[in-house]
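J.: sequence-free structure coming up:
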């Protein structure tokens, strides 16, 4: 029994054509984390030494890479009453930065 060979004239779909035909996932802009960026800018305003600068730099990196965000109400409570903030109510990855902000505010008040 003879096997049929594919003819060279038959159209075969290239990889790029296959990619075009696939439905794509939505590639919208990443959400801007305004509340965290506001907290970061407030921290940047209170920077005194190299340690503070490094903490702010790492916080910016976390903001860019993480999907976490805080609410406007919790941001206001952190900015207006940093001593009364319950740090454990925030996501685990944000807690060290909020604690450091509270430390910076207390230090600047001295």
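T.: Ah, there it is. Here the structure is a predicted model, which means the values were calculated and not measured.

J.: point out where the protein drops to low pLDDT.
T.: Confidence mapping of the chain against pLDDT under 70 gives the ranges 1-30.

J.: quick one: the helices in it, in order.
T.: For the chain, the helices defined by DSSP state H occupy 15-21, 34-45, 50-65, 72-80, 95-109.

J.: okay if I get the ones you listed as JSON lines plus mean neighbour count and distance to residue 88?
T.: Glycine gets a C-beta too; all of them are placed from N, C-alpha and C. JSON lines is the format used below for the helices of the chain (neighbours: other CB atoms under 10 Å; distance: least, CB to CB, whole Å):
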{"stretch": "helix 15-21", "mean neighbour count": "9", "distance to residue 88": "47"}
{"stretch": "helix 34-45", "mean neighbour count": "16", "distance to residue 88": "17"}
{"stretch": "helix 50-65", "mean neighbour count": "14", "distance to residue 88": "18"}
{"stretch": "helix 72-80", "mean neighbour count": "14", "distance to residue 88": "12"}
{"stretch": "helix 95-109", "mean neighbour count": "15", "distance to residue 88": "7"}
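
J.: and those as CSV, adding distance to residue 86?
T.: What follows is the helices of the chain, written out as CSV (distance: least, CB to CB, whole Å):
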stretch, distance to residue 86
helix 15-21, 49
helix 34-45, 16
helix 50-65, 20
helix 72-80, 9
helix 95-109, 10
